[in-house]
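[1] Predicted coordinates and the sequence they were generated for:
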Amino acid sequence: MGKIIEGLWDCPFCGNKRIRAGQKTCPDCGHPQDENTKFYMPDEIKYVSEEEAEKISRNPDWQCSFCGSLNSDDLNVCKNCGATKEDSERNYFEMRQQEEEKKRKKEEKKESCQKNIPPNTPKKKPLLRRVLLILGIFAAIIFGMMSCLAPKVKNVTIDDLDWERTIDIEEVVTHNESDWSLPDDARLQYTKSEIQSYKDVLDHYKTVTETKTRSVIDHYEEKSSYVDLGNGYFEEQTESVPVYTEETYTEDVEKPVYRKEPVYATKYYYEIDKWTVVDTAKSSGNDQNPSWPEPKLKDGQRTGAEEEHYFVTATYEKKEGKTETGRYEMDFSQWKELKKGEKIELKIDAAGFAEINQK
C-alpha cells in the first residue's frame, strides 16, 4: 500500500476553510460533513505515520440517508443521528457524482438562458466589435478598389472630334489543318500515327538510403499520483514512467523509378474551307458626318463584321496650372452633340471611355 495524506475540506455554512478531513465536524460552527463536502489535497504534502495509516480504511465514507452526515466506513451507525449503515443509499463518490451532475445541469441551464441575451448586451459586444472591424476593413479595401476604377469627372475643352468605321471583307479560303478527329466538312489528305500524350510506366526500383528518426526509451522516472479514497484521505501511488528520446537512424528503401512512355493515336491531316477575313474596308474623318465605307467585292466575296468608333480629343487643367490632352471613345448619341471649343464635364472611366456628365 502507498503512503497516506490527510486531505482538507471547507465548511459551506460558516465559511471556515482548510479543515482537517479527519475532523468530521466544523470546529467553528459544529456542522458535520455532508453532501456539500468535497475533500482536496493540502498544498504541502505531509504523510500520516505508518501506524496511523494502517488504521485508516481504504473505503469511501457513507452518507446517512436520514441526516445527510458523512460517516467512516468502519462505523455501522451514523455518529450524528444513530441511523444504521444498512439504510444508507450512497457513499462519498456516489454523492459527489450526483452533486456534480446537478452542477452540470445548472450550468447548462445558465448557458441556455444566456443564448437568449439580446445582441446589445456586454457579453456579445466584443464579438460585435470584431465583426464590425472585419466588415470595416473589407469595406475600406472595396472602397479603395472602386475609387481606382471609378470614373473621373473632368472639366474639359473639346479640341477635336474624329470617327472610324470598318467593314470586314470575307471569302472562302482553303486551310490545311490537322486534328485527332476529322470534321464533317473536311477533305482528308492523309493520316499519321503520332504521339498524343505520355504516360508514366514503372521502369525499375532503386535503393535509396533515408535518414529517419524514432522515439526510443531513454530511462524511467518515478511519477507519483494521488488517489482520492473518498474518506478525507489520499493514497500516494508511484509508477515508473518511461522517458523517450529521439534517435536518428538510416534505412534503405526501394523506390520506384518511372519512365515517360508515349501514347500514340491517329492524327488526321485535311483541307477545310472557311469564310476568312481577307480585307477590311475603312472610312474615317475629323468631322461629325460619319459614313460607312463602300466595299468593292470580288466574285465569291461577302461583307462581314462591322465596327464603328467615335473619339473626342479634349484638354483639361491639372494642378499648378498645367494642362493635359487625352483622346477618349464615346457613344455616338452623345458624341454627335459635342462641338469643337466647347467646355463641358466628361465622366471618364479607367478604360478611356467617356460620357457627358449628367448633373
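    Perfect, I can see it now.
[2] all contacts plus neighbour counts: C-alpha atoms, from now on.
    Fine.
[3] which is the next helix or strand following the lowest-mean-pLDDT helix or strand in the chain?
    Taking mean pLDDT, DSSP states H and E as the measure, the chain has helix 125-149 as its least confident helix or strand, at a mean of 72. Using DSSP states H and E, the helix or strand that follows helix 125-149 in sequence is strand 152-179.
[4] What pLDDT does the model give the nearest residue to Asp252 once chain neighbours are set aside?
    Distances taken as C-alpha to C-alpha, 6 or more residues apart in numbering put Thr209 closest to Asp252, at 4.4 Å, once the chain neighbours are dropped. At Thr209, the predicted lDDT confidence score is 97.
[5] Who are the contact partners of Thr209?
    Thr209 makes contact with 250-253, according to C-alpha atoms under 8 Å, 6 or more residues apart in numbering.
[6] Please produce a markdown table containing the residues you listed, extended by neighbour count and distance to Ala139.
    Formatted as a markdown table, the contacts of Thr209 follow (neighbours: other C-alpha atoms under 10 Å; distance: C-alpha to C-alpha, whole Å):
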| residue | neighbour count | distance to Ala139 |
| --- | --- | --- |
| Thr250 | 10 | 55 |
| Glu251 | 11 | 56 |
| Asp252 | 11 | 57 |
| Val253 | 12 | 55 |
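[7] Nearest to Ala21 among these?
    Minimum distance to Ala21 across these is 57.9 Å, recorded for Thr250 (C-alpha to C-alpha).
[8] pLDDT below threshold where in the chain?
    1, 115-126, 143-149 (pLDDT under 70).
[9] Please enumerate the strands of it.
    4-6, 8-9, 19-20, 62-63, 70-71, 90-91, 152-179, 187-228, 233-285, 301-317, 323-330, 343-348, 353-356 (DSSP state E).
[10] Could you look over these and pick the most buried one?
    strand 62-63 (a mean of 27; mean count of other C-alpha atoms under 10 Å).
[11] Listing partners with orientation, what would you give for that one?
    The pairing partners recorded for strand 62-63 under DSSP bridges are strand 70-71 (antiparallel), strand 90-91 (antiparallel).
[12] returning to what we had before: relative to Thr250, how far out is the residue nearest to Asp252?
    Separation of Thr209 from Thr250 (C-alpha to C-alpha, to the nearest Å): 6 Å.
[13] now Cys26
    According to C-alpha to C-alpha, Cys26 and Thr250 sit 66 Å apart.
[14] Same check on Thr303?
    Here Thr303 is placed at a distance of 76 Å from Thr250 (C-alpha to C-alpha).
[15] now Glu164
    76 Å.
[16] Equivalent analysis for Tyr270, please.
    60 Å.
[17] now do Ser181
    Counting by C-alpha to C-alpha - Ser181 and Thr250 are separated by 54 Å.
[18] now swap in Ile56 and tell me
    Distance, Ile56 to Thr250, using C-alpha to C-alpha: 56 Å.
[19] do Ser69 as well
    Counting by C-alpha to C-alpha, the separation of Ser69 from Thr250 is 66 Å.
[20] repeat for Thr157
    80 Å.
[21] And Arg20, by the same measure?
    According to C-alpha to C-alpha, Arg20 stands 59 Å off from Thr250.
[22] Chain neighbours aside, what residue packs nearest to Trp62?
    Asn91 (4.0 Å).
[23] now Gly304
    Using C-alpha to C-alpha, 6+ apart, the closest residue to Gly304 is Asp168 (4.7 Å).
[24] now do Glu222
    Setting aside the residues directly before and after it, Glu222 is nearest to Ser240 in space (C-alpha to C-alpha, 6+ apart), at 4.6 Å.
[25] again, but for Ala314
    Ile158 (4.6 Å).
[26] doesn't Gly341 make contact with the one you found?
    Yes. Assessed by C-alpha atoms under 8 Å, Ile158 is found in contact with Gly341 at 5.1 Å.
[27] hmm, back to that, isn't the residue nearest to Gly304 up against Trp275?
    No. Counting by C-alpha under 8 Å, Asp168 does not reach Trp275; the two are 11.2 Å apart.
[28] now the strands paired with strand 62-63 as TSV including distance to Arg214?
    Listed next are those as TSV, based on distance: least, C-alpha to C-alpha, whole Å:
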stretch	distance to Arg214
strand 70-71	52
strand 90-91	47
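[29] Find the centremost residue of the chain, please.
    Centroid check for the chain by C-alpha atoms, centre = their mean gives Ile134 as the closest residue, at 14.5 Å.
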